[in-house]
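# just to be clear, the model below is a prediction. Sequence and coordinates:
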Amino acid sequence: MTQRQTQILYRTCWTIALLIVAIPFMFPFVWMVSAGFKSTTEIFGAPTLIPRVWRWQNFIEVFTYQPFARQYFNSLYIAILVTVLTLIISSLAGYALARMRFAGAGLLMLFLISALMVPEEVTIIPNFFLIRSMGLVDTHWPLILLPTFGPQGVMATFLMRQYFLALPKELEDAGKMDGLSRFGVWWRIALPMSRPALAAVAIITFLSSWNLFLEPLIFLSSLEMFTLPLALSNFNDSYGLPLWNLQLAATTLAVVPILIVYLIAQRQIIESFALSGVKG
Amino acid sequence: MEAWLFVSPSAVGFLIFFLGPLCAVVYFSMTEWNLLTQQAAFVGLANFEDALLENPDFWHVVRNSVIFALGLVPLNMALALTLALALSRPFFGVVFFRTVFFAPVVTSAIAWAIVWKFLLQGEGGFINQMLAIVGISGPNWLREPNWAMAAVIVTRVIKMVGLNMILYIAALQAIPRDYEAAARLEGASRWQIFRMIIWPLLAPTTLIIMVITTIGSFKVFDHIYQMTGGGPENGTLVLAFYIYQQGFKFFNIGYASALAMIMFVIVMMLTIVQVMLRRKGAE
């Protein structure tokens, strides 16, 4: 065999191996969609990739079994709100930590660093009593406040700080000479230059709010207030057994739009995660 | 002063929803407090004694958490590195593979667990139907403690490995190509290049990934909640789930807070080890 032939053989073997490894990553999505269209009898019969009978009704029953449209809307508006709040708060604090000298900055940094590593499970019990004393149980407030100010928000602050630190100072100095206030420099110069970091924070924050589970589980009790992950885990019959076809149809409705956005913007999304991962 | 205007929203929220609760949990952990009876009494370290010395559940949970971490971390890292090595250079289909391996990361853990629970059912589950074709009678995966633990670990690895994969890819792409070219000129084999050049240069990344993944494995909650609910026979009852169960199912606030403190200490120790190792590496 020539060198070239070995090369091709080698490549082909690798690609086939990768395709095999890729199966457990892709197949669950395919099977989820397929099972979402099946009837209860077909779901447990001999496996078929394409449903013998397409049961579109599943996707209607999803909305009658639970207030699924409302729950969908809840997830969406909460994720957007958390994202916007986190962007504002983290870029403000990140800017101050990167560019300004002030008493207590060192201490604040130390606190924030330690907060990065503490799991939300550690503080969830006192937070429950705090939220309860505010009368906010079974509202969406804890789902907005806890992630915005908790470890997720701190991580965003660090990401922004890191990015601001790497920006050239000269433009900001010029802005100051032209009579811009600190706030003006932040808004008109620093923020427009940090679009990649803002995009990364937005993507990660949105996804983590969209997928949030512990807080909804603990704070929400009425069906109309549920967010998607909690609603999905709730497709059970009166014996507590899963209503598989409805549950998988609902899961399809929750997952597929995110997957489509991911496929379109995969490069940007993967880079955002890489950026947040290497911060440590 | 101006700076505090910038940081105050973040600092105030941090104080109320993080630092305050963190101090409160220290106090809670030293009380006997059952929400059903509405009585809170200071009991010192009794809850810790209870956990560490008396309650056999606690060590069972620790054992489960350690098994989960020991299974998940090496598997996750080995797979992440292998995939990264295969996908760090452009070839036909590289974007496709990266996209596929990363897709579960952006998916909700609940959705992922729902689908895998469906695939892993004992009777009529897809996995067992496939195994039956080749003549293997698969177990009732999520109903037998050991199989359930294995299933939870493997499905979690598939869900999260993409994250470590891209961190490894970034690190691999930062290694200058000349190193490898020079080694090849010297007649080094692929394995030698990996062992002598790439692996040592990846050490800082490997360290960070190891600590992040270990901490992440102690935090796992939603995945287990949905797939096994901590069962069967508490076979997948891990620390984060145990805290939730004691605090919000049985309302043992004091005991659950003591568990939260123990988790805090474990995570802090892991973090300190990471910082120390990194300092040592920098020298």
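That came through, no problem.
# surely B:Met130 is in a strand?
No: looking at B:Met130 with DSSP: H, G, I helix; E, B strand; the rest coil, it is helix, so not inside a strand.
# counting by contacts, list what the worst-scoring helix or strand of chain B on mean pLDDT packs against.
Taking mean pLDDT, DSSP states H and E as the measure, the helix or strand of chain B with the lowest value is strand B:39-42, at a mean of 78. Helices and strands touching strand B:39-42, by 3 or more C-beta pairs under 8 Å, 6 or more residues apart in numbering or on different chains; DSSP states H and E, are strand B:31-34. C-beta: built from backbone N, CA, C; applies to glycine.
# run the chain-centre distance for the strand it packs on.
30 Å (C-alpha atoms, centre = their mean, to the nearest Å).
# buried residues in that strand?
B:31-33 (16 or more other C-beta atoms under 10 Å in any protein chain shown).
# which one of those is nearest to B:Pro56?
B:Glu32 (19.7 Å; C-beta to C-beta).
# partner residues bridging that closest one?
For B:Glu32, the beta-bridge partners are B:Ala41 (DSSP bridges).
# what's the single longest helix in chain A?
Scanning chain A for the helix with the most residues, using DSSP state H, yields helix A:3-36.
# what about the helices in the stretch 101-250 of chain A?
A:105-117, A:120-133, A:141-149, A:151-166, A:170-177, A:182-185, A:191-193, A:195-210, A:214-219, A:228-232, A:244-264 (DSSP state H, counting those that start in this stretch).
# and the fifth one with helix A:151-166, angle?
Which is helix A:170-177. Taking axes from the mean of the first three to the mean of the last three C-alpha atoms, to 10 degrees, one finds helix A:170-177 and helix A:151-166 inclined to each other by 90 degrees.
# which elements pack onto helix A:170-177?
Checking 3+ C-beta pairs under 8 Å, 6+ apart, helix A:170-177 ends up next to helix A:182-185.
# now for the helix it packs on, which elements pack on it?
Using 3+ C-beta pairs under 8 Å, 6+ apart: helix A:182-185 touches helix A:170-177.
# relative to A:Ile258, how far out is the residue of the stretch 151-283 of chain B found nearest chain A?
For the stretch 151-283 of chain B and chain A, the shortest gap (C-beta to the nearest C-beta) falls at B:Asp222, measuring 4.0 Å. As judged by C-beta to C-beta, to the nearest Å, B:Asp222 and A:Ile258 stand 16 Å apart.
# more neighbours: which of these two?
Between B:Asp222 and A:Ile258, counted using other C-beta atoms under 10 Å in any protein chain shown, B:Asp222 has the larger neighbour count: 23 against 19.
# and that one, what does it touch?
The contact partners of B:Asp222, taken as C-beta atoms under 8 Å, 6 or more residues apart in numbering or on different chains, are A:213-214, A:229, B:109-110, B:113.
# from B:Thr107, how far off is it?
12 Å.
# any idea how far A:Asp173 is from the residue of the stretch 151-283 of chain B closest to chain A?
Taking C-beta to C-beta, one finds B:Asp222 at 47 Å from A:Asp173.
# chain B contacts on the stretch 151-280 of chain A?
A:151, A:153-154, A:157, A:182, A:186, A:207, A:210-211, A:213-214, A:217-218, A:228-230, A:232-233, A:242, A:244, A:247-248, A:251, A:254-255, A:258-259, A:262-263, A:266-267, A:269-270, A:273-274, A:277-278, A:280 (C-beta under 8 Å from any C-beta of the partner chain).
# and A:Ile43, what does it touch?
Going by C-beta under 8 Å, 6+ apart, the list of residues near A:Ile43 reads A:35, A:244-245, B:124.
# check these and tell me the two furthest apart.
Within those, A:Asn245 and B:Gly124 form the most distant pair, 12.8 Å apart (C-beta to C-beta).
# neighbour count: the two, which is higher?
Ranked by neighbour count (other C-beta under 10 Å), A:Asn245 and B:Gly124 place A:Asn245 first, with 25 against 14.
# what's the neighbour count on A:Asn211?
Neighbours of A:Asn211 (other C-beta under 10 Å): 22.
# that one contacts B:Ala109, doesn't it?
Yes: contact between A:Asn211 and B:Ala109 holds when scored by C-beta atoms under 8 Å: they sit 6.5 Å apart.
# show me where the stretch 151-283 of chain B has helices.
B:177-185, B:190-193, B:199-219, B:222-227, B:239-244, B:253-282.
# can you give me the buried ones in the third one?
I take that to be helix B:199-219. So, applying 16+ other C-beta under 10 Å, buried residues of helix B:199-219: B:202, B:205-219.
# also the second one?
By neighbour count, with 16+ other C-beta under 10 Å as the criterion, the buried positions of helix B:190-193 are B:Ile193.
# next, name the residue at the spatial heart of chain A.
What sits nearest the mean C-alpha location of chain A, by C-alpha atoms, centre = their mean, is A:Leu207, with 1.3 Å.
# confirm for me that that one is in contact with B:Ala109.
No: between A:Leu207 and B:Ala109 there is no contact under C-beta under 8 Å: 11.4 Å.
# same for the one helix or strand in chain A whose mean pLDDT sits lowest, what does it pack against?
The helix or strand with the lowest mean pLDDT-type score in chain A, counting by mean pLDDT, DSSP H and E, is helix A:105-117 (a mean of 82). On a contact count with 3+ C-beta pairs under 8 Å, 6+ apart, helix A:105-117 meets helix A:68-99, helix A:151-166, helix B:2-14, helix B:253-282.
# could you identify which of the ones you listed is most buried?
helix A:151-166 (a mean of 22; mean count of other C-beta atoms under 10 Å in any protein chain shown).
# in JSON lines, list the helices and strands packed on helix A:105-117 along with mean pLDDT and distance to B:Glu186.
JSON lines is the format used below for the helices and strands packed on helix A:105-117 (pLDDT from 0 to 100; distance: least, C-beta to C-beta, whole Å):
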{"stretch": "helix A:68-99", "mean pLDDT": "95", "distance to B:Glu186": "45"}
{"stretch": "helix A:151-166", "mean pLDDT": "91", "distance to B:Glu186": "37"}
{"stretch": "helix B:2-14", "mean pLDDT": "88", "distance to B:Glu186": "53"}
{"stretch": "helix B:253-282", "mean pLDDT": "86", "distance to B:Glu186": "27"}
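# could you dump those helices into JSON lines with distance to B:Leu79 added?
Converted to JSON lines, the helices and strands packed on helix A:105-117 look like this (distance: least, C-beta to C-beta, whole Å):
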{"stretch": "helix A:68-99", "distance to B:Leu79": "30"}
{"stretch": "helix A:151-166", "distance to B:Leu79": "25"}
{"stretch": "helix B:2-14", "distance to B:Leu79": "36"}
{"stretch": "helix B:253-282", "distance to B:Leu79": "21"}
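# indicate which one of the ones you listed is closest to B:Leu72.
Short answer: helix B:253-282, nearest of these by C-beta to C-beta, at 14.2 Å.
# just the angle between the closest one and helix A:120-133, please?
140 degrees.
# ok and helix B:253-282 relative to helix B:199-219, angle-wise?
Interaxial angle, helix B:253-282 versus helix B:199-219 (the same axes, to 10 degrees): 170 degrees.
# give me the angle between helix B:253-282 and helix A:105-117.
Helix B:253-282 and helix A:105-117 are oriented at 110 degrees to each other (the same axes, to 10 degrees).
# with neighbour count, pLDDT and distance to A:Phe29 added, can I get the contacts of B:Asp222 in CSV?
Output for the contacts of B:Asp222, formatted as CSV (neighbours: other C-beta atoms under 10 Å in any protein chain shown; pLDDT from 0 to 100; distance: C-beta to C-beta, whole Å):
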residue, neighbour count, pLDDT, distance to A:Phe29
A:Phe213, 21, 96, 20
A:Leu214, 20, 95, 24
A:Pro229, 28, 96, 17
B:Ala109, 23, 95, 15
B:Ile110, 26, 96, 15
B:Ala113, 25, 96, 14
